[in-house]
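S.K.: Based on what follows, work out the 3D shape:
(2 chains)
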Protein chains: 2
Amino acid sequence: MTLDNTESAKLKELDLSCIWHPCTQMHDHEANIPLIPIARAQGVYLYDFENRAYLDCVSSWWVNLFGHCNPYISAKLKEQLDSLEHIIFAGFTHKPIIELSHRLLELLDSKFGKCFYADNGSSAIEVALKMAFHACAIQKKKKNKFICLENAYHGETIGALSVGDVGIYTQVYQPLLLETLKVKAPSGENFAESLESLKTLLQAHKEEIAAFVLEPLIQCAGNMNMYSAKFVQEAVKMCQEAGVYVIFDEIAVGFGRTGSFFAYQQCGVVPDFLCLSKGITGGYLPLSVVITTNEIYSLFYAPYEEHKAFLHSHSYTGNALACACANAVLDIFERDNVLENNAILSQFIWKKLQVLQEFGFVQNLRHQGMVFAFDLGGFEGQRKGLEVFNAGLKRGLLLRPLGNTIYLMPPYVLTKEQASYIVESLVEILKIFVDKFANKTKV
Amino acid sequence: MTLDNTESAKLKELDLSCIWHPCTQMHDHEANIPLIPIARAQGVYLYDFENRAYLDCVSSWWVNLFGHCNPYISAKLKEQLDSLEHIIFAGFTHKPIIELSHRLLELLDSKFGKCFYADNGSSAIEVALKMAFHACAIQKKKKNKFICLENAYHGETIGALSVGDVGIYTQVYQPLLLETLKVKAPSGENFAESLESLKTLLQAHKEEIAAFVLEPLIQCAGNMNMYSAKFVQEAVKMCQEAGVYVIFDEIAVGFGRTGSFFAYQQCGVVPDFLCLSKGITGGYLPLSVVITTNEIYSLFYAPYEEHKAFLHSHSYTGNALACACANAVLDIFERDNVLENNAILSQFIWKKLQVLQEFGFVQNLRHQGMVFAFDLGGFEGQRKGLEVFNAGLKRGLLLRPLGNTIYLMPPYVLTKEQASYIVESLVEILKIFVDKFANKTKV
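M.R.: Next comes the predicted model:
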């Protein structure tokens, strides 16, 4: 044990001397947040060098679907490694990506016709923004503006960040960002005002607007703000009637996360662009895809000399190893009746979570498919979520609250026993806080 | 053979019905450019379904260093798959990335202190741009502008594209791009005017300029424009004296491509940010890193409440599988004396290539390390490079000219025999064109 501990301590020290972690105030690692070296991962658990297990309640930033080191996905990836690891994806192609593209299109509305690949969610959003803008340009429409929702998050590159509205990510970079039009974010069934503001924007600016970008059903990084499918339906209809393209960011909400295979399938409308990433490889490798219609595709399809080609590319576009993982993920969806089982598991977790209503400071307990969230109410400006994070670690839970919003977004292979443990632990954690949160609780 | 041919034909048809390829006018696949399904790859060769081999003269978009399905890298990746495939990289860490970061810093000037990871080259550029801008903002300097070179290429996302200047990629998107200041591109030893224009820009605008971004030694996507280390040296000194950060894009030119491990090491100066990708995983998986100084890092290092954190992230940041490949790549560099052997191979290829000087239309034959290029002169507006591409395929060569610039950027494991075959084939290909290029040749 001492030896392991020493190795862990050494690794931590070496990490902090060499690495700048993403989405982290590194100063926090001095006292507020431990940095934990992980030795191995299996199923829903990460294991540190002292063999302590951490239950990955956030699917490692919402990417893992079927557990870490999933034997089936790993086997398929190893198999792929024996024939083709990666080749240039212009002028050349390969079976794993053809199979993947065909299978994705089979799962989607027939309006969709073509898959364009990239490496991460931000890049997918950039592709969709550029494609929508470019499609307008080809049609001689000068449409340089985009609409997004307030409280939206679509990634971190300049274009993706421009259609975001979560201040901690965007504020300092404002002078670099594209001007975008913002629609009041809907929340639950409260969306009348949002529709009204969208309508006003479209009336005034539709000739300048290339596309409306949104995460259907849940603004995930926007503190898991869940909202009605009716808003999505009405908003999309309005845009499409106004000749404005619609881009759905299903990077986090796709692949079964909201209950249906894709979130848009609950909304009764079909967007012009669908951006997927995260769960696509089951949490193994970076891969993203923008799926669009043959109508859009055909605008760009012309003799070379007309200079209409969409020349976007990334070196590793169409990576065969990532595609092999993605095909394995689709195999598992087919083989294991994942959506049906998730529906049962989701109800189970949701019922269990009701116990948290006992805590007066637990506000807006909500769920959608395999996403569950609540807010610690009444503690604005205090890092209560951080305290929950640290208390979670002590009980072997990897929670990563968004500010004071606590959420669960577990891998789909979570067992009922594990789910029960999470909820019981949350009760214990919140009990610890009863004193600190004095007068904020009914317990 | 018939069966294979049928499978290939079916795959091609299915691909074209489902996939929109990067950096491709899809219409070209009707007649101008074949789309080739690849069944497997090994060493420097891709093999189609009829077992025809294509020698990968462009390292599959400049990513492959040690051959396809390299046994050592594959073994290391499989080993990694047995313990840890991917975990969230905020609050948690793992051995492969700590090892990689430490090794990268050991290879670099001591001025560098921290590694910040992303997934692809474009994202690395975005990180560097945001970090440079943000570092200025923390110092209360409102610096919203960037300088880049004319003819530059740094990627495809809005921020990265904004510091690019290759018209086919940027032109249509101008209304979406950041305004940037451009310096006349140096070429070979012609750089006096470039330095002069940089000097003028700095004098007029240094208070507004956050950073100067450039690819040291070669503008790769800018038709392999090679230029003097002296320009880099003088330009960097000027910027640093003017209080302007310098970002080196070594995405294509790093990892031994220009002869030294990193291109900047030939220039006698050290930038503030170094962006790496492509070769970092030996052509296996998407991974990128921005390496910067402890001085920059410390500007962001502060109690959380000061809101100075660099909150950029991508879901798959710090992917353990990609890091395992990257460590394997560094192992091979150490084990096989790669730089020394490349120096010999580079001279061998360079000598061989002199035979092309016989063709009058072969202009500006040039090389730098393991990059070799020449232009087909006098054919402006004609797609002669495309003809070379197609003729190359017939001889089993995967060339992918940049317009009418033909280049070689082969994997480092190319043998002298293979190199000789490439050059002999180029001679034959160019001979075919002698008639077509009448009066343009001395042959």
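S.K.: Where do the domain boundaries of chain A fall?
M.R.: Per automatic domain parsing, the structural domains of chain A span A:2-69+A:337-436, A:73-335.
S.K.: Let me have the ones you listed in JSON lines, extended by mean pLDDT, mean neighbour count and distance to chain B.
M.R.: Heads up, the C-betas are built off the backbone N, CA and C, glycines and all. What follows is the domains of chain A, written out as JSON lines (pLDDT from 0 to 100; neighbours: other C-beta atoms under 10 Å in any protein chain shown; distance: least, C-beta to the nearest C-beta, whole Å):
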{"stretch": "domain A:2-69+A:337-436", "mean pLDDT": "95", "mean neighbour count": "19", "distance to chain B": "4"}
{"stretch": "domain A:73-335", "mean pLDDT": "98", "mean neighbour count": "22", "distance to chain B": "3"}
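S.K.: Could you export those domains to JSON lines, including columns for distance to B:Val44?
M.R.: JSON lines is the format used below for those (distance: least, C-beta to C-beta, whole Å):
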{"stretch": "domain A:2-69+A:337-436", "distance to B:Val44": "32"}
{"stretch": "domain A:73-335", "distance to B:Val44": "12"}
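S.K.: which one of the ones you listed lies closest to B:Arg383?
M.R.: Closest approach to B:Arg383 among the domains of chain A is made by domain A:73-335 (7.3 Å; C-beta to C-beta).
S.K.: Out of the domains of chain A, flag the one nearest B:Asn120.
M.R.: domain A:73-335 (4.5 Å).
S.K.: Could you pull up phi and psi at the residue nearest the centre of chain A?
M.R.: Taking C-alpha atoms, centre = their mean, the centroid of chain A lies closest to A:Ala252, which sits 2.1 Å from it. Phi and psi for A:Ala252, reported as degrees, to the nearest 10, are phi -100, psi -30.
S.K.: doesn't A:Pro271 make contact with A:Asp109?
M.R.: No: taking contacts as C-beta atoms under 8 Å, A:Asp109 lies outside contact range of A:Pro271: 9.4 Å.
S.K.: Confirm that A:Ser101 sits in a helix.
M.R.: Yes: under DSSP: H, G, I helix; E, B strand; the rest coil, A:Ser101 sits within a helix.
S.K.: close enough to count as contact, it and B:Cys18?
M.R.: Yes: using C-beta under 8 Å, A:Ser101 is in contact with B:Cys18, at 3.9 Å.
S.K.: Return every residue with contacts to both of those two.
M.R.: Common neighbours of A:Ser101 and B:Cys18 are listed as A:Cys115 (criterion: C-beta atoms under 8 Å, 6 or more residues apart in numbering or on different chains).
S.K.: ok, the residue nearest to the centre of chain A to A:Val58 distance?
M.R.: 11 Å (C-beta to C-beta, to the nearest Å).
S.K.: Distance check, the nearest residue to A:Gly268 once chain neighbours are set aside against A:Gln266.
M.R.: Distance criterion C-beta to C-beta, 6 or more residues apart in numbering or on different chains; nearest residue to A:Gly268, sequence neighbours excluded, is A:Gln233 at 5.0 Å. Distance of A:Gln233 to A:Gln266, computed by C-beta to C-beta: 9 Å.
S.K.: likewise A:Glu340?
M.R.: 16 Å.
S.K.: repeat for A:Ala235
M.R.: A:Ala235 is 14 Å from A:Gln266, where distance means C-beta to C-beta.
S.K.: One more: A:Asn32?
M.R.: Using C-beta to C-beta, we find A:Asn32 at a distance of 39 Å from A:Gln266.
S.K.: do A:Leu311 as well
M.R.: With distances taken as C-beta to C-beta, A:Leu311 is found 35 Å from A:Gln266.
S.K.: same thing with A:Phe310?
M.R.: Note on A:Phe310: its distance to A:Gln266, by C-beta to C-beta, is 30 Å.
S.K.: and if you look at A:Ser17?
M.R.: 48 Å.
S.K.: which SS class is A:Val351?
M.R.: For the record, residue A:351 is Lys, not Val. Secondary structure, three-state DSSP: A:Lys351 is helix.
S.K.: Next: A:Glu196.
M.R.: helix.
S.K.: Same question for A:Arg366.
M.R.: A:Arg366, by the three-state scheme (three-state DSSP), is strand.
S.K.: What's opposite the residue lying closest to it once chain neighbours are set aside in the beta bridge?
M.R.: Excluding the flanking residues, the one nearest A:Arg366 by C-beta to C-beta, 6+ apart is A:Met226, at 5.1 Å. Legend: beta-bridge partners of A:Met226 under DSSP bridges are A:Ile218.
S.K.: What residues does A:Met226 make contact with?
M.R.: The neighbourhood of A:Met226, defined by C-beta under 8 Å, 6+ apart, consists of A:Ser187, A:Gly188, A:Leu217, A:Ile218, A:Arg366, A:His367, A:Gln368, A:Val371, A:Ala373.
S.K.: With A:Cys57 instead?
M.R.: Counting by C-beta under 8 Å, 6+ apart, A:Cys57 touches A:Gly392, A:Leu397, A:Leu398, A:Leu399, A:Leu408, A:Met409, A:Pro410, A:Ile422.
S.K.: tell me the phi and psi of the fourth one?
M.R.: Which is A:Leu399. According to degrees, to the nearest 10, A:Leu399 has phi -100, psi 150.
S.K.: Could you double-check that it sits in contact with A:Asn390?
M.R.: No: in this structure A:Leu399 lies outside contact range of A:Asn390 using C-beta under 8 Å: 9.6 Å.
S.K.: Test my guess that A:Val427 contacts A:Val355.
M.R.: Yes: between A:Val427 and A:Val355 there is a contact under C-beta under 8 Å: 6.0 Å.
S.K.: Endpoint to endpoint, stretch A:35-46 covers what distance?
M.R.: End-to-end span of stretch A:35-46 (C-alpha to C-alpha, to the nearest Å): 14 Å.
S.K.: which outside residues touch it?
M.R.: The contact list for stretch A:35-46, computed with C-beta under 8 Å, 6+ apart, reads A:8, A:11-12, A:15-16, A:21, A:29, A:47-49, A:51, A:53-56, A:67-69, A:393, A:398, A:410-411, A:413-414, A:418, B:83-85, B:87, B:91-95, B:98.
S.K.: And A:Ile147, how close does it get to B:Ser420?
M.R.: 58 Å.
S.K.: Which residue is the nearest non-sequential neighbour of A:Arg40?
M.R.: A:Arg40 sits nearest to B:Ser83 (C-beta to C-beta, 6+ apart), 4.3 Å away.
S.K.: Just confirm that neighbour is within a helix.
M.R.: No: B:Ser83: not assigned to a helix; according to three-state DSSP it is coil.
S.K.: Identify those among the contacts of stretch A:35-46 that sit within strands.
M.R.: Under the assignment DSSP state E, the contacts of stretch A:35-46 contribute A:Tyr47, A:Asp48, A:Ala53, A:Tyr54, A:Leu55, A:Asp56, A:Leu398, B:Phe92, B:Thr93, B:His94 to strands.
S.K.: quick one: contacts for the fourth one?
M.R.: What it means is A:Tyr54. A:Ile36, A:Ile38, A:Tyr45, A:Leu46, A:Tyr47, A:Asp48, A:Leu393, A:Gly396, A:Leu397, A:Leu398.
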